[in-house]
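[1] After the sequence you'll find the predicted model.
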Number of protein chains: 2
Amino acid sequence: MKSPSQPRDRGIPEATVARLPLYLRALHGMAERGIATVSSEDLAVAAGVNSAKLRKDLSHLGSYGTRGVGYDVEYLVYQISRELGLTQDWAVAIVGVGNLGRALANYGGFVSRGFRVAALVDADPGVVGDTIAGLNVEHIDELEAVIKRRGVSIVVLATPAAAAQEVCDRVISVGVTSILNFAPVVLSVPDGVDVRKVDLSIELQILAFHEQRKAGGPLMAVDSQ
Amino acid sequence: MKSPSQPRDRGIPEATVARLPLYLRALHGMAERGIATVSSEDLAVAAGVNSAKLRKDLSHLGSYGTRGVGYDVEYLVYQISRELGLTQDWAVAIVGVGNLGRALANYGGFVSRGFRVAALVDADPGVVGDTIAGLNVEHIDELEAVIKRRGVSIVVLATPAAAAQEVCDRVISVGVTSILNFAPVVLSVPDGVDVRKVDLSIELQILAFHEQRKAGGPLMAVDSQ
DNA sequence: GCGACTTTGTGCATCGGTTCACAAAGGGAT
DNA sequence: ATCCCTTTGTGAACCGATGCACAAAGTCGC
């Protein structure tokens, strides 16, 4: 028993959410090149997906296209941005200013739309006090205070694996519910807290699996026992 | 019409492949702590997955467990490593030695098991010739030569977005078929080439989406128009 | 104003992945 | 040797995601 007239069903599939940023990037590129209108076919190619999938994804946000014409680029950018919550400014804290944390702090696309690196935190006294990407590195003892003071709602963990769980617990204790984890550990968190994991070595291992299979030949599948 | 006696069906589901590295890491930790045998339940907890899923995943490799006992840690480490192709040494080249490339070159977990950073390449004359993580940075003009000479089979792209496609084309032209792409672009590659994409800003945007939804309250779903 | 053409939005079939639940298999105690 | 207990391996139901194919809806030219 569903209401078919509901324009925006707030239950957007996870797979769709994961692709929206992809569409958004493609649309930004088009907007910069002065393209005013785009068809689902063209946008799909630019984003590297199937056009039927793209249309179904967009249909979850509402009917923002015009049949026979396509989608208005600017309008669609706005709608997707709003859906993703990028019309507001998110304060992000990066904990762990090693090689990776430094890279993240300086990463342009990171800061770009909707996000602002609001704090850098580290435990190493040799780094605390340094200025990186225009920000003062603060001591881990100040973690909770810094998060509250700067209104941080998303925390990026770029600490060593051993420190990640403790930092995670502490930021959760002051109300953070969104964590992007680069440390190679499985974090345990209470319900309601969102953890996304980026693991460089896992990606490499998946590549190695396919590479090995290619090297062995695509017909290795025959049972040669 | 399938052969039920086939011990290892070489068609391992993609979702399973993506989790094998997770199991492998958990098993390594256990091996280091001297644990000889582990049940699917315990291993599942350590890897952060459901135990039924874990068992089904492992069953795709073969029957390596003992009913009533569990899995032999060392043996399972070996079997998963072999399946993932980590028993051989993969030579990896990192192209683009900016902040991110530098972080990757120094990233411990990167080099750890099965992988070896064999070359660093960059276009900036100010960086070429420097030694980073014990490796000499070579000029992008040498890209093809370096890849052939060092036997590189996996390339990590940490270049600016604008340069990624060209570098991609060039490494493919000398036989590379596995690419890990950190640049925020959709690469177009011929069939048979594997590209995996890691995109920091996309992960952040997905977090923002869920964070926004939480902030608006879980009951925002009512159509308040 | 009308017909031809384009492109969206979606119903439906299909597919891959997840989860449950249990029979089969083995170990250990007595 | 037998019984009980534990744990694996997997059949089967379920669930979400994908992709096809087409009707509905709108534009543009004449």
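    It's in.
[2] Need the contact partners of the host helix or strand of residue A:171.
    Here residue A:171, judged by DSSP states H and E, is contained in helix A:161-173. Helix A:161-173 has contacts (Cβ atoms under 8 Å, 6 or more residues apart in numbering or on different chains) with A:93, A:95-96, A:123, A:140, A:143-144, A:147, A:155, A:157, A:159, A:179, A:181, A:183-185, A:187-190, A:193, A:195. The C-beta positions use only the backbone N, C-alpha and C, and glycine is treated the same way.
[3] one more time with 6 Å
    The contact list for helix A:161-173 (Cβ atoms under 6 Å, 6 or more residues apart in numbering or on different chains) reads A:95, A:143, A:155, A:157, A:159, A:183, A:184, A:185, A:187, A:193.
[4] Repeat that for stretch A:109-119.
    With Cβ under 6 Å, 6+ apart as the criterion, stretch A:109-119 contacts A:86, A:89-93, A:105, A:146, A:150, A:152, B:184, B:200-201, B:204.
[5] re earlier: what residues of the helix holding residue A:171 count as buried?
    The neighbour-count check on helix A:161-173 (16 or more other Cβ atoms under 10 Å in any protein chain shown) flags A:163, A:164, A:165, A:167, A:168, A:170, A:171, A:172 as buried.
[6] Quick check: what element follows that helix along the chain?
    In N-to-C order, the element after helix A:161-173 by DSSP H and E is strand A:178-181.
[7] Within its sheet, name the partner strands of that following strand and how each one runs.
    Strand A:178-181 has its sheet partners listed here by DSSP bridges as strand A:154-157 (parallel), strand A:194-197 (parallel).
[8] Which positions within the helix or strand that the last one is followed by qualify as buried?
    So that's strand A:194-197. Sequence order places helix A:200-215 as the next helix or strand after strand A:194-197, per DSSP H and E. For helix A:200-215, the buried set under the neighbour-count rule, 16+ other Cβ under 10 Å, comprises A:200-214.
[9] Likewise for stretch A:139-154?
    A:140, A:143, A:146, A:147, A:152, A:153, A:154.
[10] Likewise for stretch A:114-127?
    In stretch A:114-127, counting by 16+ other Cβ under 10 Å, buried: A:114, A:115, A:117, A:118, A:119, A:120, A:121, A:122, A:123, A:127.
[11] Minimum pLDDT in those residues, which residue is that?
    Scanning the buried residues of stretch A:114-127 for pLDDT, the smallest score is found at residue A:114, 88.
[12] Next one: that residue from residue B:100, what distance?
    In this view, residue A:114 and residue B:100 are 21 Å apart by Cβ to Cβ, to the nearest Å.
[13] Let me see the ranges of the strands in chain A.
    A:37-38, A:65-66, A:70-72, A:90-95, A:115-122, A:131-132, A:135-139, A:154-157, A:178-181, A:194-197 (DSSP state E).
[14] returning to what we had before: which of the buried residues of helix A:161-173 sit farthest apart?
    A:163 and A:172 (14.7 Å; Cβ to Cβ).
[15] could you give the angle of the longest helix anywhere in chain A to helix B:161-173?
    In chain A, taking DSSP state H as the definition, the longest helix is helix A:14-32. With axes from the mean of the first three to the mean of the last three Cα atoms, to 10 degrees applied, the angle from helix A:14-32 to helix B:161-173 works out at 110 degrees.
[16] shaky segments in chain A?
    A:1-10, A:110-112, A:217-225 (pLDDT under 70).
[17] what does it put close to DNA strand C?
    Neighbours of DNA strand C within chain A, by Cβ under 7 Å from any atom of the strand: A:4, A:38-41, A:51-52, A:55-56, A:58-59, A:63-71.
[18] circling back: tabulate the buried residues of helix A:161-173 (TSV), appending distance to residue B:33.
    As requested, the buried residues of helix A:161-173 are arranged in TSV below (distance: Cβ to Cβ, whole Å):
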residue	distance to residue B:33
A:163	19
A:164	18
A:165	16
A:167	22
A:168	21
A:170	25
A:171	27
A:172	26
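[19] List just the nearest of those residues to residue A:31.
    residue A:171 (35.3 Å).
[20] Dump stretch A:66-76 to PDB, keeping only the CA atoms.
    In PDB, the C-alpha atoms belonging to stretch A:66-76 read as follows (Å, rounded to 0.1, in the frame of the first residue of the first chain):
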ATOM      1  CA  THR A  66      11.700  17.000 -19.600                       C
ATOM      2  CA  ARG A  67      10.600  14.400 -22.000                       C
ATOM      3  CA  GLY A  68      11.900  14.900 -25.500                       C
ATOM      4  CA  VAL A  69      14.600  17.300 -24.200                       C
ATOM      5  CA  GLY A  70      16.600  16.000 -21.200                       C
ATOM      6  CA  TYR A  71      17.700  17.500 -17.900                       C
ATOM      7  CA  ASP A  72      18.500  21.100 -17.200                       C
ATOM      8  CA  VAL A  73      22.100  20.900 -16.000                       C
ATOM      9  CA  GLU A  74      22.000  23.700 -13.400                       C
ATOM     10  CA  TYR A  75      18.700  22.500 -12.000                       C
ATOM     11  CA  LEU A  76      19.900  18.900 -11.700                       C
END
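[21] wait, doesn't residue A:207 sit right on residue B:178?
    Yes. If you go by Cβ atoms under 6 Å, residue A:207 and residue B:178 touch, sitting 4.4 Å apart.
[22] So for the two, which residues contact both of them?
    Joint contacts of residue A:207 and residue B:178 (Cβ under 6 Å, 6+ apart) are residue B:154.
[23] The buried residues of stretch A:114-127: which two are farthest apart?
    A:114 and A:123 (28.7 Å).
[24] Grab the nearest non-local neighbour of residue A:58.
    residue A:64 (6.5 Å; Cβ to Cβ, 6 or more residues apart in numbering or on different chains).
[25] no wait, residue A:72
    Take residue A:72 and drop its neighbours on the chain: the residue closest to it by Cβ to Cβ, 6+ apart is residue A:37, 5.9 Å away.
[26] same question, residue A:177
    That would be residue A:193: by Cβ to Cβ, 6+ apart, it lies 4.9 Å from residue A:177.
[27] At the contact with DNA strand D, which residues of chain A appear?
    A:13-16, A:49-50, A:52-53, A:55-56, A:66-69.
[28] Which of these are buried? Put it as a PyMOL command.
    Provided next is the PyMOL selection string for whichever of those are buried by 16+ other Cβ under 10 Å:
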select buried, chain A and resi 16+49+55
